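what's the 3D shape of this:
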Amino acid sequence: MPEDSIDHIDFDELNKKAIAQPIVSHMYTADPSAHYFNGKIYIYPSHDIDGGEAFDDLGSHFAMEDYHVISMDSVDSEAVDHGVALHVDDVPWAEKQMWAPDAAHKDGKYYLFFPAKGYDGIFRIGVAVSDSPVGPFTPQPEAIKGSFSIDPAVFEDEDGSYYMYFGGLWGGQLQRWRTGEFNAEQPESPTAHIPEDDETSLMPKIAKMTDDLLEFAEEPKDVLIIDEDGNPILAGDNDRRFFEAAWLHKHNGKYYFSYSTGDTHFICYAVGDNPYGPFTYKGRILEPVVGWTTHHSVCKVDGKWYLFYHDSSLSKGVTHLRSVKVSEIEHDANGLIKTLKPYRE
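Numbers count the residues shown, from 1 in each chain. Below is the predicted model:
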């Protein structure tokens, strides 16, 4: 639900109707990347702190400066906050806006992937390493070469290959990289350089990772999202086009690419036969939540699939103070995902 539609909401009643409650309430968390490592759930969210700025579409009101790791023994157990795992002050190249992160595990090491704005005002993606899934994480001195924009999601395939998906429009700057170089014109306009409605939409990016997970093994390329007729989703198709929050999970041999539509507030998904796509649009995983943004991950725990997501119900609609939730999702016999409604009628 966009910010302009929340003034009339009774949040006490809304929270009674919610299908899930925040997993932690002592701080605000968002953009959860959930993983099942060594028989335990680990959630890597962003940390919402009020920046004291007016709401804008560049995200200036998000004063996100560090990451905490949350663990759970099961989806029904108490969530444990393990404290600060990485702070922006520890990242030499980053100035501010530590937005949605992700994590991966390989050969006994844990990797935290995160976007941040450098001192030049440009988003890059960094990586930090730890011997523990809860950190603390030690960042690499530079951002990943060739990285840009926001919302990294790293997928481990069954053959041991790792792929990063990333990108986000408006404040996420993806549209400023259409020529392969950063376009700094009209810096105060989040919608500058967006394609026309009848043009192909901006697509998320993919790059295979090097064996040490510290760099791209190839130049990033587009992840193509197509409709049922095989045509690329258009920029004006706001209910289906990619905006941010890339994620990939694999079910019964198929690759499910899910994402947020941004200003229309849906979590959608598309299905393909390999990590690079193309991915054919199939539907929605989650209807709109309270708050401007919607961002998620999909994680398998003990044979069941779960959607980790956020809303602004705990902060009573303050769009930049969000809380992580979790709900089970189901794939039907045809592989389609049953759409969740975050609040009961």
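
spatially central residue in this protein, please.
For the chain, Ala245 is the residue whose C-alpha lies nearest the centre (C-alpha atoms, centre = their mean; 3.3 Å).

let me know whether that one touches Tyr259 as I believe.
Yes - at 5.4 Å, Ala245 and Tyr259 qualify as touching, with contact defined as C-beta atoms under 8 Å. In short, each C-beta sits where N, CA and C put it, glycine included.

mutual contacts of these two, please.
Both Ala245 and Tyr259 are in contact with Ile267, where contact means C-beta atoms under 8 Å, 6 or more residues apart in numbering.

coming back round to it: any idea how far Val134 is from the residue nearest to the centre of the chain?
Applying C-beta to C-beta, to the nearest Å, the value for Ala245 to Val134 is 23 Å.

stretch 178-186: end-to-end distance?
The first and last residues of stretch 178-186 sit 15 Å apart, counting by C-alpha to C-alpha, to the nearest Å.

same question for stretch 116-129.
From the first residue to the last, stretch 116-129 extends over 16 Å; the measure is C-alpha to C-alpha.

again, but for stretch 132-143
Rule used - C-alpha to C-alpha; the end-to-end distance of stretch 132-143 is 21 Å.

mean confidence for that stretch?
Mean pLDDT, computed over stretch 132-143, is 98.

tell me the spacing between Gly118 and His47.
Distance of Gly118 to His47, computed by C-beta to C-beta: 20 Å.

and what of Tyr119?
With distances defined as C-beta to C-beta, the gap from Tyr119 to His47 amounts to 21 Å.

more crowded one of those two?
Between Tyr119 and His47, counting by other C-beta atoms under 10 Å, His47 is the more crowded of the two (21 against 9).

got the CA positions of the helix or strand harbouring the residue nearest to the centre of the chain in CSV?
Take DSSP states H and E as the rule and Ala245 turns out to sit in strand 244-251. Output for strand 244-251, consisting of C-alpha atoms alone and laid out as CSV, is shown next (Å, rounded to 0.1, in the frame of the first residue of the first chain):
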residue,chain,number,x,y,z
GLU,A,244,14.1,-4.1,-7.6
ALA,A,245,14.6,-6.9,-5.1
ALA,A,246,15.9,-9.7,-7.4
TRP,A,247,15.9,-13.3,-5.9
LEU,A,248,16.3,-16.8,-7.3
HIS,A,249,15.2,-20.1,-6.0
LYS,A,250,15.1,-23.6,-7.7
HIS,A,251,12.2,-25.9,-7.4
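
what's the average pLDDT for the helix or strand that it is followed by?
Later in the chain than strand 244-251, the nearest helix or strand by DSSP H and E is strand 254-260. Along strand 254-260, the predicted local confidence has a mean pLDDT of 99.

what's strand 254-260 packed up against?
strand 244-251, strand 267-272, strand 279-286 (3 or more C-beta pairs under 8 Å, 6 or more residues apart in numbering; DSSP states H and E).

could those strands go into JSON lines alongside mean pLDDT and distance to Thr319?
Written out in JSON lines, the entries for the helices and strands packed on strand 254-260 read as follows (pLDDT from 0 to 100; distance: least, C-beta to C-beta, whole Å):
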{"stretch": "strand 244-251", "mean pLDDT": "98", "distance to Thr319": "15"}
{"stretch": "strand 267-272", "mean pLDDT": "98", "distance to Thr319": "17"}
{"stretch": "strand 279-286", "mean pLDDT": "98", "distance to Thr319": "17"}
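
so which of those strands comes closest to Ile144?
For the helices and strands packed on strand 254-260, distance to Ile144 was read as C-beta to C-beta. The smallest value, 15.5 Å, belongs to strand 244-251.

let me see the contact set for the closest residue to Lys208 other than its chain neighbours.
Spatially, and ignoring its direct neighbours in sequence, Lys208 is nearest to Ala217 (4.6 Å; C-beta to C-beta, 6 or more residues apart in numbering). Neighbouring residues of Ala217 by C-beta under 8 Å, 6+ apart: Ala207, Lys208, Met209, Thr210.
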